[in-house]
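Engineer: this one's structure only:
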């Protein structure tokens, strides 16, 4: 018996013997293919249930958009109305005029003030 | 669809066909790859039933992944070796605490033609020697020298650098040469 180290060529002969892969048994092949068929059926089932749901009108997506649009309109309205009152000269002494309105004199008090 | 030229269809194309519900594509992929996965698992686990379970599980993961398969990103064979390697390493980790009595005895040799006996003895000697290697060395040397993967492919399958793979295979080969040194004459190896 030799105590020499094995060389690359000798080791390669052992690898070559091992390389000849044994084929799959019929039973294992059947198990693997049954899994494959099962996945096909599962995927086709999933597609059938998901597809109609994707086409349905979804209020959950529409409502936040509507709310944002309403806020935007309100912001534009407030901004524009502020600039209109400034242009017409209602902006000066606004706090006082507003207090007069609340006191019950109404819009007439504002005109009286301007005339005097 | 006819499959007369199925052998020329690429693995990527077969994955697309399978994802579209073609069972013949699954059969072709199984014929191409499952036996190699099984042999790798056999060498790693030295247990036929467990090796078959690992093969079935690896193929099942391939089927599950088919609809998300990105063509050209990974080779089917490398992807399968990666999955099978991880499954084997997981099982070996769990097995470490197992009682020795639970590990099945090797099957008895059946007398046959001399050449067949020699081939069997060579294969068994190699498997025994490989079983003595650390798990990652065993996996790397199997993929490199038996399954014929390139070092970059093994690096991908084992999530390592190419340098680490080279180091693992070199150490594994050195150990195998030492472990099998006594059996050179017995196995009738030609220099």
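Structural biologist: Arrived safely, thanks for sending. None of the values given here were measured: they were computed from a predicted structure.
Engineer: in chain B, what residue comes closest to chain A?
Structural biologist: residue B:26 (3.6 Å; C-beta to the nearest C-beta). Where you see a C-beta, it was placed from the backbone N, CA and C, and this is true even at glycine.
Engineer: quick one: is the helix or strand hosting residue B:77 near chain A?
Structural biologist: Following DSSP states H and E, one finds residue B:77 within helix B:76-95. No - with C-beta under 8 Å from any C-beta of the partner chain as the criterion, chain A is not reached by helix B:76-95; the gap is at least 11.7 Å.
Engineer: could you look up the SS state of the nearest residue to residue A:44 once chain neighbours are set aside?
Structural biologist: Of all residues not flanking residue A:44 in the chain, residue B:21 sits nearest, at 6.2 Å (C-beta to C-beta, 6 or more residues apart in numbering or on different chains). Here residue B:21 is recorded as coil under DSSP: H, G, I helix; E, B strand; the rest coil.
Engineer: how about residue B:189?
Structural biologist: coil.
Engineer: can you tell me the closest non-neighbouring residue to it?
Structural biologist: residue A:10 (4.3 Å).
Engineer: the one you found sits in which helix or strand?
Structural biologist: helix A:8-19.
Engineer: next secondary structure after that helix?
Structural biologist: helix A:26-55.
Engineer: torsion angles phi and psi at the closest residue in space to residue B:168 that isn't next to it in sequence?
Structural biologist: Among residues not flanking residue B:168 along the chain, residue B:140 sits closest, at 4.0 Å (C-beta to C-beta, 6+ apart). Note on residue B:140: its backbone torsions stand at phi -60, psi -40 [degrees, to the nearest 10].
Engineer: residue B:140 contacts residue B:158, doesn't it?
Structural biologist: Yes - under the criterion of C-beta atoms under 8 Å, residue B:140 makes contact with residue B:158 at 6.7 Å.
Engineer: neighbour count for these two, which is higher?
Structural biologist: residue B:140 (30 against 20; other C-beta atoms under 10 Å in any protein chain shown).
Engineer: and the host helix or strand of residue B:64, which residues are buried?
Structural biologist: Assessed by DSSP H and E, residue B:64 sits inside helix B:48-65. Buried residues in helix B:48-65, counting neighbours by 16 or more other C-beta atoms under 10 Å in any protein chain shown, are found at B:50-63, B:65.
Engineer: what lies in contact with it?
Structural biologist: A:24-25, A:28, A:31-32, A:35-36, A:39, B:18, B:26, B:29-30, B:33-34, B:37-38, B:41-42, B:44-45, B:76, B:79-80, B:83-84, B:87-88, B:91 (C-beta atoms under 8 Å, 6 or more residues apart in numbering or on different chains).
Engineer: out of the residues you listed, which are buried?
Structural biologist: Buried, going by 16+ other C-beta under 10 Å: A:24, A:28, A:31-32, A:35-36, A:39, B:18, B:26, B:29-30, B:33-34, B:37-38, B:41-42, B:44-45, B:76, B:79-80, B:83-84, B:87-88, B:91, out of these.
Engineer: mind telling me which residue is nearest the centre of chain B?
Structural biologist: residue B:40 (1.8 Å; C-alpha atoms, centre = their mean).
Engineer: who's in contact with that one?
Structural biologist: Residue B:40 neighbours (C-beta under 8 Å, 6+ apart): B:81, B:84, B:85, B:88, B:139, B:142, B:143, B:146, B:147.
Engineer: top of those by neighbour count?
Structural biologist: Neighbour-wise, the contacts of residue B:40 (other C-beta under 10 Å) top out at residue B:139, 29 neighbours.
Engineer: may I see the buried residues of the helix or strand encompassing that one?
Structural biologist: Taking DSSP H and E as the criterion, residue B:139 maps to helix B:135-141. With burial defined by 16+ other C-beta under 10 Å, the residues of helix B:135-141 counted as buried are B:136, B:137, B:138, B:139, B:140, B:141.
Engineer: does the least confident helix or strand in chain B by mean pLDDT come close to chain A?
Structural biologist: Taking mean pLDDT, DSSP states H and E as the measure, chain B has helix B:114-131 as its least confident helix or strand, at a mean of 78. Yes - interface with chain A: helix B:114-131 contributes B:119, B:122, B:123, B:125, B:126, B:127 (C-beta under 8 Å from any C-beta).
Engineer: hang on, the first one packs against residue A:17?
Structural biologist: Yes - using C-beta under 8 Å as the test, residue B:119 is close enough to residue A:17 to be in contact (5.3 Å).
Engineer: now the residue in chain A that chain B sits nearest to: closest residue in space, sequence neighbours ignored.
Structural biologist: Across chain A, the shortest distance to chain B (C-beta to the nearest C-beta) belongs to residue A:36, at 3.6 Å. Of all residues not flanking residue A:36 in the chain, residue B:26 sits nearest, at 3.6 Å (C-beta to C-beta, 6+ apart).
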